[in-house]
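Peer 1: Structure for this input, please:
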Amino acid sequence: MSKSKDFYFWLPRLICIAAILFVSIFALDSFGPGLPIWQKLGWFLIHLIPSFVLIALLIVAWKWEYVGGLLYIVLGLCFSAWIFQLNFTRNKFSFGQSLFDALIIAFPFVIAGILFLVSHNRKKKVSKK
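Peer 2: A predicted model of the protein is given here:
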């Protein structure tokens, strides 16, 4: 494999892994004071459900780049709209802060989805030659 093929193969996967780790950090909120450890662990696992879903999507995207790329794009766009709406209405954040939060959390998945599609198309072009 050439260096450009390696780059387009690994970049979306590394972005997804980093973004999943970032989303997983929010599960640490469950370890607040005042609860028994078993209840904290239960809440921790519940908070990790989005990360488990994202890992499952990464497995799909790793095997089928086209399908995974489309799923990550749709997920990122829907997730960013949901985060924006949640921050803007429920938390009463400003428009700019709500938009920034949505982009920081969800936009890496859109970028990774686009890169999965680019990687798929590059492989397809190489196999036709």
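Peer 1: can you map out the helices along the protein?
Peer 2: Ranges of helices in the chain, per DSSP state H, are 3-25, 37-47, 49-63, 65-85, 95-128.
Peer 1: Adding mean neighbour count and distance to residue 31, write those out as TSV.
Peer 2: (Each C-beta comes from the backbone N, C-alpha and C, glycine too.) Shown next, in TSV, are the helices of the chain (neighbours: other C-beta atoms under 10 Å; distance: least, C-beta to C-beta, whole Å):
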stretch	mean neighbour count	distance to residue 31
helix 3-25	15	12
helix 37-47	13	5
helix 49-63	15	16
helix 65-85	18	23
helix 95-128	17	20
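Peer 1: Save these as a markdown table, and put in mean pLDDT too.
Peer 2: Below are those laid out as a markdown table (pLDDT from 0 to 100):
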| stretch | mean pLDDT |
| --- | --- |
| helix 3-25 | 91 |
| helix 37-47 | 92 |
| helix 49-63 | 95 |
| helix 65-85 | 94 |
| helix 95-128 | 90 |
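Peer 1: since we're on the closest residue to residue 101 other than its chain neighbours, how many residues are nearby?
Peer 2: Spatial nearest neighbour of residue 101, chain neighbours left out: residue 87 (5.3 Å); criterion: C-beta to C-beta, 6 or more residues apart in numbering. Counted by other C-beta atoms under 10 Å, the residues lying close to residue 87 total 20.
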